[in-house]
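*Asks:* Pasting a predicted model and its sequence here:
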There are 4 protein chains.
Amino acid sequence: MVEKNKLIKVGIVGGTGYTGIELIRILSQHPYVTISVITSRKEIGEPVSNLYTNLRGHTSLLFSSLDINKLLACDVVFFATPHGIAMNFAKKLIEHNVKVIDLSADFRFKDPLIFQEYYNIEHSCPELLQISEYGIVELNRKSIKSANIIGNPGCYPTTILLGLAPLFKNPNINLVDLNIIADCKSGISGSGRKLEINSLFSEKSENFQAYGLPKHRHKPEIIANFNHLYKKDIDLIFVPHLVPMIRGMFSTIYVKLNKDYIDYNFQNLYEKFYKDEHFIDIMPYSSLPDTKSVKASNKIRISLHKVTNNLLVILVVQDNLVKGAAGQAVQNMNLLFNLPEISGLETVPIFP
Amino acid sequence: MVEKNKLIKVGIVGGTGYTGIELIRILSQHPYVTISVITSRKEIGEPVSNLYTNLRGHTSLLFSSLDINKLLACDVVFFATPHGIAMNFAKKLIEHNVKVIDLSADFRFKDPLIFQEYYNIEHSCPELLQISEYGIVELNRKSIKSANIIGNPGCYPTTILLGLAPLFKNPNINLVDLNIIADCKSGISGSGRKLEINSLFSEKSENFQAYGLPKHRHKPEIIANFNHLYKKDIDLIFVPHLVPMIRGMFSTIYVKLNKDYIDYNFQNLYEKFYKDEHFIDIMPYSSLPDTKSVKASNKIRISLHKVTNNLLVILVVQDNLVKGAAGQAVQNMNLLFNLPEISGLETVPIFP
Amino acid sequence: MVEKNKLIKVGIVGGTGYTGIELIRILSQHPYVTISVITSRKEIGEPVSNLYTNLRGHTSLLFSSLDINKLLACDVVFFATPHGIAMNFAKKLIEHNVKVIDLSADFRFKDPLIFQEYYNIEHSCPELLQISEYGIVELNRKSIKSANIIGNPGCYPTTILLGLAPLFKNPNINLVDLNIIADCKSGISGSGRKLEINSLFSEKSENFQAYGLPKHRHKPEIIANFNHLYKKDIDLIFVPHLVPMIRGMFSTIYVKLNKDYIDYNFQNLYEKFYKDEHFIDIMPYSSLPDTKSVKASNKIRISLHKVTNNLLVILVVQDNLVKGAAGQAVQNMNLLFNLPEISGLETVPIFP
Amino acid sequence: MVEKNKLIKVGIVGGTGYTGIELIRILSQHPYVTISVITSRKEIGEPVSNLYTNLRGHTSLLFSSLDINKLLACDVVFFATPHGIAMNFAKKLIEHNVKVIDLSADFRFKDPLIFQEYYNIEHSCPELLQISEYGIVELNRKSIKSANIIGNPGCYPTTILLGLAPLFKNPNINLVDLNIIADCKSGISGSGRKLEINSLFSEKSENFQAYGLPKHRHKPEIIANFNHLYKKDIDLIFVPHLVPMIRGMFSTIYVKLNKDYIDYNFQNLYEKFYKDEHFIDIMPYSSLPDTKSVKASNKIRISLHKVTNNLLVILVVQDNLVKGAAGQAVQNMNLLFNLPEISGLETVPIFP
């Protein structure tokens, strides 16, 4: 048991969306953390557990206004806000040695122009993009450790970048064809808690659809960070779909293989690449993962299939709200504060 | 095949909610009807099938503004609007011999004060309440036939009034105790297509809850029309719940029995009472109906259980959007125009 | 209204699965048909409406044993049976001028060896494969009209073959690369009404998974009929997935384009190709179809997207139990008996 | 951190059903426990995580045969078996100082005849019924502490007995009318992992139904333990229903009030009665609880409503697999071994 005065003081800006409430759920069970402040523009003064009755008995915090002084008293501040908020607070926070973990897109790009093109917001601190780090822990751990600002990855990019890493981060592998197709499927919680006709129960239940074509915002995030991490330019086809379930993300990735790799043991490659990663499970070759097997956990499961000689099919599952958002953010925090990386993230997936 | 110029010209005011679109679906397959006008405040000029892609290939109508002259050219106008709209048009319409079928609550009460208390709207034409008829066809057929304005019943009242009718409409039966408990369960489409957090997929899926306590608006509608139809005062306990499914309503009704009725053959009573009703299915004694058995149809199924000597349990299922709304409205229209009562309503429930 | 004695007499073998019950639902509303016999091994003598309470009030038929004489008295017999049953009855039936429409795989292949490899059943009448026709109406109408045995297509092949036809049935188009990826998603009813752990509500709800890799039986069906219809050999990557919904199928098809076709107007090609087809809706370019828009109807909706210069993405939706099974079977029947092709199949999709 | 050799050694008999897997999930995260053996008749030798992929990375245990010697080496054995199994092992286990916690019905009744009537199994050790205790912790804590055999309550009885306790366990309250109606709703996982048509996704999704009438087995369990705990005879009307969701139970309980209690402060009564209970949350008067607020947690939430003067409506929600089964079993274990009662059960409910 950690002494109370040694606990890391956490602030959460924007605690009323699904990633915000998931952060609260995870952090309120984290052994090294105390939540100091949760802000919400609309719910100031309201007990958090009034809005989210699942938290009754687990927190006595009230939502507070976004008061910079309260945030400056924290050790780390998570932004679970719409895009364009975190960038206005990051500079001041890091000047006062408060770490910033942003779950929005403000710090996911090195190049502010891409951000601006896709999010229609001028970036207020492009200079900070150079010192912030993309928080995909398994691929960028070393840089993250010493960073002050983390751009927590989007849900789709997490599955695709982790699903492709063993192929492209390895200098000995040379897959010439970078035409990659990612056919992705997400639970409805990925759309957030916004009031949209398209998110109503009666619209989405018993329904399956594609969306986000042709310019889903996660596509440039994948391409830019693929380049950043692997120094290669991917030619990505990205087609996202919505699945009538709350949580869960499933990416089916198609990678063309050169003749040289027809007999290559990719299973072995993946198992070695991720052998020390607690949160990444390379399933036996030709397994069929399902999203239920990772529900409410920070796990990613990956399986490989070769359905023809020249094509590798990579299946990746995660819980979009955990590894795809709040869980990965906490994993980043653990890293920033030299905590065991699995602290607060050890829970077994819920089944059924 | 009916000649085009003999078809009944229908207007639909408020075609963008779930009852409106269900009306369009049913009426566009009705052999004696042509839809002349569909209004929507927000979608003027938009093809109906752009908003509801299920109608692509089935209608070329555009949404139009609410133009009284267009409505006056109809034979009948359905109002699938929020409460308080139909009452502003009814007088003029019936003066021009246009029948009015209102799916909102404007014409469900004889007493305007009850309406005003529960709906917080002053009634603009209380005098019309005296000549309008409550459109619960099986219990009020004769009066409906000669009416010009129909107040189409709410979904819950339909199940409860039809579920209780054989007990209370029969002058030979005298159940002294009128403390009746109706524990009711509705699919989410009953909440309409409004933008409310509480109607989002991620809130409602994998969830069950009570709602509407203590003053759900359907309670006074049941009590008032129970009194109107049966000349008795019910002391109703009404607890509605929301079920994570789109369509379907299930009412579990508990009726206390006098000693005189301990051995009474209620099954026989119900079968005789409804023997000529096409849309009401009295299932074999002790059956377990499910909402799926009436999906997308105008059927009501009822089963009876005596779990102890002095209590009758009545189970009633319907599709809340059909018999509980648009289907019953069309049934009323058939009656008003001397059409076969089942016209346009013969479809077999969808399974699974 | 057709005179009773002129109605087509229909037999249904295997009426207890989901395609069987869907056939009953459609045919019991078909204006030119009367159902004479419905067989079931396990439910002999049981009223059909006892097993499927949605049919209470719509049919008084009892399940009967599989008596060949009763079938011989029919004009047409549908087999909604497991694979390997229809082939044992087809010969005798067509000798007595009874048409056969088989919803299983027995008559989907010209080559009995492929059938045997994938279904592990020896074909009992390979000679009939030469005179039977693959019942994909829009692509094979002329041959179907004069056939006596129809192999009704599988659900996935229906979406993929119809989705690709305008590209490959047109002699003027020459897409050299036949490496086609079909990432397909099906509702759970596609697995049938079999008792399998994997079909339980608690396993499938709130879950998404791939399945059927590497050798789903619909893959050879697509390849063989692609070759049969277009005289070309496709190199198909086919990855099917299960969606937590009852009905609906969504196929996302990726087709690589030669440089010659970078500026080709595929939208125009598709619209022209299907311009006279009632059941096929080419949506406006870049539309996002959803499965709900075809629920409980025989419609297929297709939309086209070019997300990069050299790749065409084709989105196809259908109701797997209707156009993907029972509805298409009835469409075939209409053709065989010179009925209007849309008879019994005009219903508007259910929404929501 | 507890030293490995001081951990409580747990055996689980019947680890393949939903309560079994939920036990494994909870116990594998329990700080004072090590799972020594998990048995399954059908899966002997199979890694538990092969059957339940959510456990990959969390347990390396294999299913083993039901070997009494392995069980005798445990400190406590949970039976998550069908009814009639635990009673054959209990005697030997307690003779060897191994505690027994039975999640089936074998030890829920003092009177073996009731068990036999409802379960059609002769009780093999009726004498043990006198020394076993009904494991409803909040109402029977003292007796449980010193018991060797616990009959873990059924899911419905848990909600009803806890929902009624403040009214009937208080000697100062005298509600004369014991005609109580419990209208209960359960998620589908309550039916277990059995292969039944009625549990298939396509049957249960988008469906709501009553079931279990007139003789659900939980009715005598409630009546017998109501009498045992409160020394009063309840005249219970119990109507269970199935909700299309995986987890969650909602009980709506109707209690008639004497004139003496019309103005009684029941809210105060409930809050006092449960003020020290960690797992029972008395919500503010007139709250509307939902099942999602307790998902995957051991919490029960209760709210009170007086919709008329003479009737109290009690709403109770729980997760049927946790507080209604495996969680309550672990709570009993904690009590038996003098552990903090909340060990392993502190998790925050999952939302959304």
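*Replies:* Looks like it came in fine. Numbers count the residues shown, from 1 in each chain, chains lettered A, B, ... in the order given.

*Asks:* Excluding chain neighbours, what is closest to the residue of the stretch 51-200 of chain A found nearest chain C?
*Replies:* Chain C sits closest to A:Asp183 of the stretch 51-200 of chain A, with a gap of 4.1 Å, by Cβ to the nearest Cβ. No exception for glycine: its C-beta is placed from N, CA and C like everyone else's. Counting by Cβ to Cβ, 6 or more residues apart in numbering or on different chains, A:Asp183 lies nearest to C:Asp183, which is 4.1 Å off, once chain neighbours are set aside.

*Asks:* Double-check that that neighbour belongs to a strand.
*Replies:* Yes - judged by DSSP: H, G, I helix; E, B strand; the rest coil, C:Asp183 forms part of a strand.

*Asks:* Enumerate every residue touching it.
*Replies:* A:Asp183, A:Thr252, C:Val239, C:His241, C:Ser251, C:Thr252, C:Ile253, C:Tyr254 (Cβ atoms under 8 Å, 6 or more residues apart in numbering or on different chains).

*Asks:* go on, A:Leu178?
*Replies:* A:Leu178 touches A:Lys232, A:Asp233, A:Ile234, A:Asp235, counting by Cβ under 8 Å, 6+ apart.

*Asks:* wait, the last one sits on A:Asn179?
*Replies:* So that's A:Asp235. Yes - with contact defined as Cβ atoms under 8 Å, A:Asp235 and A:Asn179 form a contacting pair (4.9 Å).

*Asks:* picking up where we left off before, and the pLDDT at the residue of the stretch 51-200 of chain A closest to chain C?
*Replies:* Per-residue pLDDT puts A:Asp183 at 98.

*Asks:* for it, which residues make a bridge with it?
*Replies:* The bridge-partner assignment for A:Asp183, based on DSSP bridges, gives A:Val239, A:Thr252.

*Asks:* Could you check how far the nearest residue to A:Lys110 once chain neighbours are set aside is from chain D?
*Replies:* Spatial nearest neighbour of A:Lys110, excluding adjacent residues (Cβ to Cβ, 6+ apart): A:Leu129 at 5.4 Å. As judged by Cβ to the nearest Cβ, to the nearest Å, A:Leu129 and chain D stand 32 Å apart.

*Asks:* Just to check, A:Leu129 is in contact with A:Arg108?
*Replies:* No - checked against Cβ under 8 Å, the pair A:Leu129 and A:Arg108 is beyond contact range at 9.1 Å.

*Asks:* Comparing these two, which residue is more hemmed in?
*Replies:* The neighbour comparison of A:Leu129 against A:Arg108 (other Cβ atoms under 10 Å in any protein chain shown) goes to A:Arg108, with 28 against 19.

*Asks:* ok, the closest residue to chain B within the stretch 251-352 of chain A - contacts?
*Replies:* Across the stretch 251-352 of chain A, no residue is closer to chain B than A:Leu321, which sits at 9.6 Å (Cβ to the nearest Cβ). For A:Leu321, the contact set (Cβ under 8 Å, 6+ apart) comprises A:Tyr18, A:Thr19, A:Glu22, A:Ser189, A:Arg247, A:Gly327.

*Asks:* can we see that at 6 Å?
*Replies:* Residues counted as contacts of A:Leu321 (Cβ atoms under 6 Å, 6 or more residues apart in numbering or on different chains) are A:Tyr18, A:Glu22, A:Ser189, A:Arg247.

*Asks:* Quick check: the gap between the last one and B:Gln130.
*Replies:* Per Cβ to Cβ, to the nearest Å, A:Arg247 is found 54 Å from B:Gln130.

*Asks:* Compare neighbour counts for those two and give me the winner.
*Replies:* More crowded of A:Arg247 and B:Gln130, by other Cβ under 10 Å: A:Arg247, with 29 against 7.

*Asks:* and the closest residue to chain D within the stretch 151-300 of chain A, how many neighbours?
*Replies:* The stretch 151-300 of chain A approaches chain D most closely through A:Ser293 (4.1 Å), counting by Cβ to the nearest Cβ. Neighbourhood size, A:Ser293 [other Cβ under 10 Å]: 24.

*Asks:* for A:Asp263, same thing?
*Replies:* Neighbours of A:Asp263 under the rule other Cβ under 10 Å: 9.

*Asks:* Report the contact partners of it.
*Replies:* Taking Cβ under 6 Å, 6+ apart, one finds nothing in contact with A:Asp263.

*Asks:* separation between it and A:Asn310?
*Replies:* Distance from A:Asp263 to A:Asn310, by Cβ to Cβ: 11 Å.

*Asks:* nearest spatial neighbour of the residue of chain A most remote from its centre, skipping sequence neighbours?
*Replies:* Distance from the C-alpha centroid of chain A, by Cα atoms, centre = their mean, peaks at A:Lys259 (34.4 Å). Leaving out its chain neighbours, the residue that sits closest to A:Lys259 by Cβ to Cβ, 6+ apart is A:Asn310, at 7.6 Å.

*Asks:* Surely that neighbour and A:Val255 touch.
*Replies:* No - taking contacts as Cβ atoms under 6 Å, A:Asn310 lies outside contact range of A:Val255: 9.8 Å.

*Asks:* So these two - more neighbours on which side?
*Replies:* Taking neighbours as other Cβ under 10 Å, A:Asn310 and A:Val255 compare with A:Val255 leading, 23 against 16.

*Asks:* Confirm that that one sits in a strand.
*Replies:* Yes - membership of A:Val255 in a strand is supported by three-state DSSP.

*Asks:* what's around the residue nearest to A:Val307 when sequence neighbours are not counted, how many residues?
*Replies:* Distances taken as Cβ to Cβ, 6+ apart place C:Pro214 nearest to A:Val307, at 5.1 Å, with adjacent residues excluded. Burial of C:Pro214 is recorded as 13 neighbouring residues (other Cβ under 10 Å).

*Asks:* C:Pro214 belongs to a strand?
*Replies:* No - using three-state DSSP, the assignment for C:Pro214 is coil, not a strand.

*Asks:* what about the nearest residue to A:Val137 once chain neighbours are set aside, how many neighbours?
*Replies:* Nearest non-adjacent residue to A:Val137, counting by Cβ to Cβ, 6+ apart: A:Gln331, 5.2 Å away. Counted with other Cβ under 10 Å, the neighbours of A:Gln331 add up to 30.

*Asks:* Give the helix, strand or coil label for A:Gln331.
*Replies:* If you use three-state DSSP, then A:Gln331 falls in the helix class.

*Asks:* quick one: it from chain C, how far?
*Replies:* Where chain C is concerned, A:Gln331 sits at a distance of 23 Å (Cβ to the nearest Cβ).

*Asks:* Residues of the stretch 1-150 of chain A that sit close to chain D?
*Replies:* Proximity of the stretch 1-150 of chain A to chain D, by Cβ under 6 Å from any Cβ of the partner chain, involves residues A:Ile21, A:Arg25, A:Ser28, A:Gln29, A:Tyr52, A:Thr53, A:Asn54, A:Arg56, A:Gly57, A:His58.

*Asks:* Quickly find the element holding A:Leu93.
*Replies:* For A:Leu93, the host element (DSSP states H and E) is helix A:90-95.

*Asks:* for the helix or strand just after that helix, packing partners?
*Replies:* Heading C-terminal from helix A:90-95, the first helix or strand you meet, by DSSP H and E, is strand A:99-102. In this structure, strand A:99-102 packs against strand A:76-79, strand A:149-151, helix A:327-336, with contacts taken as 3 or more Cβ pairs under 6 Å, 6 or more residues apart in numbering or on different chains; DSSP states H and E.
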